[in-house]
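>>> Below: sequence and its predicted model.
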Amino acid sequence: MRMKLAFLVATALIATPSFLLAQEKGGVINVATIGEPPTLDPMTSTADLVGIVTQHIFETLYTFDKKWAVTPLLAESLPEVSADGKTYTIKLRTGIKFHDGSDMASDDVVASLNRWTKLASRGKQAASFIESITATDASTVTIKLKQPYAPLVSLLAFNNSAAIIIPAEKQADTMTDFIGTGPYMLKERKADQYIQLVRFNDYKPRSGDSDGYGGARHQYLDEIRFVPVPDANTRVEAAVSGQYDYIDSLPVESYDKLKSSTATQPLLLKPFGYPVFVFNTAAGVTKNVAIRKAIRQALSMEDMMGAAFGGTDFYAADGNIYPGNFAWSTDAGVKGNYNVADPEGAATAAKEAGYNAEPIRILTSRQYEFHYKMAQVAAEYLKLAGFTVDLQVVDWATLTQRRTDKALWDIYISHSPFLPEPALIGSLSPSSPGWWDTPARKSVVDAFTTEVDPKKRVDLWANVQKTMYDEVPFMKIGDFNAVSAMSTKLQGVDPAPWPYFWNASIKK
């Protein structure tokens, strides 16, 4: 049974649906992003910015369609799964070329998946369930599991900590040759200036219609340039003036201003996802779960969301990890643990937990302005509770690097779209920054991921959420809508959490 997952309701102020407009080849678009990606190797990063850029260069065996169901990409079809749920047979598409002109074959896939299980946080998450990955023949790969593992295909489909397929001889831990199978290939990267992608003429798209991230990927554009624009206000002014063709991650208060522009139209993704405060559970003061609970007790999620997003047209204070329009929605563990806003009680709890005025090091960035606004509110509530706060404001690339070092932080602020499979949530992996790794986590997560019955998995997810609230590896702050903008001359771009520009073209 396919679960009803209302992953994204996208409202775009577009007069004519893009698929009705004639699309011609040619042209260059400039995409304003929130900053410089820390890497172009999507296996080794969970940063959305990395996935946004690199999904045009690299591809995975599977991806997600517009209903957020898994659909084949480099695989010919969905895997054949044995009756016991432990053997996945994957037929590969033939005639697929890498950007260096070589042909993709099963040995490339095996080598890539082995690299994924070694280096990627989500690959490591799957690795303990995998017995072997072998090439059955030149166009077939077989994955054998030690026990059933329901999220496997979703993990293989995700563009974040991604199981990209690269040539077998390009498997170094540190990627230096960015050779994929995608519709665009890397031509030049100038740090803090641009990342230039150009059409890969030997790309072989899937047949049929485009379908979300799946289906046919058309290469109408000659070139895509991703340009880092770290300051949010600069991105807004650039959007209003029409300086860029697409502008990602704009403050919600700019929505009305964008509507009045003749050069640009706003895109509202509703609901987009949730901001999250991730705790360092492995080292430092927040290793103590009682102190993590005291920090949560002090905070007003409502005030943080209000400061970050203004009116309730753009946010909801909701402690359920998934909102009510998802099959995964549950209030398990939420009551009494969300939006408590009790600094006085938190002060008492912190003292009882042994807190002794150690600095709480909070990592945040102004490239996502709503992160910074939430951090400011959180800092004031924590000070009221007697915590010493060390608010460290850095650029996003620096944050993603620092969060990998257990010695450097106690909380970092991020956000996530609502993911179609809960096992994709980064904090469920012990190797993800935060390093939540307890017997309770293993028990509930393993029970959830090894169950293949969809109805039973919904109930088991409630146990996972309750354990999250019991052990506080992170705090969900609320639900929010996201605003981006695109030129009135750009067509073929559908609102998406990780915007993509195959199928995009420029009106002539």
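Everything's here; your move. Every value quoted in this text rests on a predicted model; they were computed, and no experiment measured them. Numbering: from 1, shown residues only.

>>> Now the closest residue to residue 45 other than its chain neighbours: phi and psi?
Nearest residue to residue 45 in three dimensions, chain neighbours excluded: residue 39, at 5.2 Å (CB to CB, 6 or more residues apart in numbering). Quick note: C-beta positions are derived from backbone N, CA and C, even for glycine. When quoted as degrees, to the nearest 10, the phi and psi of residue 39 stand at phi -160, psi 160.

>>> Just to check, residue 39 is in contact with residue 51?
No. Residue 39 is not in contact with residue 51 according to CB atoms under 8 Å; the separation is 11.0 Å.

>>> what touches both of the two?
residue 45 (CB atoms under 8 Å, 6 or more residues apart in numbering).

>>> The two: which is more packed in?
A direct count of neighbours by other CB atoms under 10 Å for residue 39 and residue 51 places residue 51 higher, at 21 against 18.

>>> What is the three-state secondary structure of that one?
Per DSSP: H, G, I helix; E, B strand; the rest coil, the local secondary structure of residue 51 is helix.

>>> Would you mark the buried spots in stretch 210-230?
For stretch 210-230, the neighbour count (16 or more other CB atoms under 10 Å) marks 210-215, 217-221, 224-230 as buried.

>>> what is the mean pLDDT for that stretch?
For stretch 210-230, the mean per-residue pLDDT is 96.

>>> quick check, distance from it to the centre of its chain.
17 Å (CA atoms, centre = their mean, to the nearest Å).

>>> Stretch 449-468 now?
For stretch 449-468 - counting by CA atoms, centre = their mean - the centre lies 21 Å from the chain centre.

>>> what separates the longest strand belonging to the chain from the chain centre, distance-wise?
Determined from DSSP state E, the single longest strand within the chain is strand 264-279. Per CA atoms, centre = their mean, the displacement of strand 264-279 from the mean C-alpha position of its chain is 11 Å.

>>> What's the first helix or strand after it?
Sequence-wise, the next helix or strand downstream of strand 264-279 (DSSP states H and E) is helix 289-298.

>>> Just the residues contacting that next one, thanks.
279, 281, 285-286, 337, 340-343, 345-347, 349-350, 352-355, 360, 381-382, 384-385, 387, 411, 471-472, 475.

>>> That helix: which residues count as buried?
289, 291-298.

>>> One more: stretch 131-144?
So for stretch 131-144, counting by 16+ other CB under 10 Å, buried means 133, 135, 139-143.

>>> Those in strands, which ones?
Going by DSSP E, the strands hold 133, 135, 140-143 from the buried residues of stretch 131-144.

>>> farthest-separated two in those residues?
Using CB to CB, these reach their maximum pairwise distance at 133 and 140, which is 11.9 Å.

>>> So which other helices or strands are in contact with the lengthiest helix in the chain?
What stands out as the longest helix in the chain, according to DSSP state H, is helix 454-471. Judged by 3 or more CB pairs under 8 Å, 6 or more residues apart in numbering; DSSP states H and E, helix 454-471 is in contact with helix 439-450.

>>> and the angle from the helix it packs on to helix 454-471?
Put simply, helix 439-450 runs at 160 degrees to helix 454-471, going by axes from the mean of the first three to the mean of the last three CA atoms, to 10 degrees.

>>> what comes up buried for helix 439-450?
441, 444-445, 448-450.

>>> of all those residues, which two lie farthest apart?
So, the buried residues of helix 439-450 by CB to CB: farthest apart are 441 and 450, at 14.4 Å.

>>> all helices of this structure, in order?
48-54, 106-119, 121-127, 152-157, 232-241, 255-259, 289-298, 301-309, 343-352, 369-384, 396-402, 439-450, 454-471.

>>> For the ones you listed, could you give me JSON lines that also reports distance to residue 170?
Shown next, in JSON lines, are the helices of the chain (distance: least, CB to CB, whole Å):
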{"stretch": "helix 48-54", "distance to residue 170": "14"}
{"stretch": "helix 106-119", "distance to residue 170": "9"}
{"stretch": "helix 121-127", "distance to residue 170": "17"}
{"stretch": "helix 152-157", "distance to residue 170": "19"}
{"stretch": "helix 232-241", "distance to residue 170": "34"}
{"stretch": "helix 255-259", "distance to residue 170": "41"}
{"stretch": "helix 289-298", "distance to residue 170": "41"}
{"stretch": "helix 301-309", "distance to residue 170": "41"}
{"stretch": "helix 343-352", "distance to residue 170": "50"}
{"stretch": "helix 369-384", "distance to residue 170": "35"}
{"stretch": "helix 396-402", "distance to residue 170": "23"}
{"stretch": "helix 439-450", "distance to residue 170": "30"}
{"stretch": "helix 454-471", "distance to residue 170": "36"}
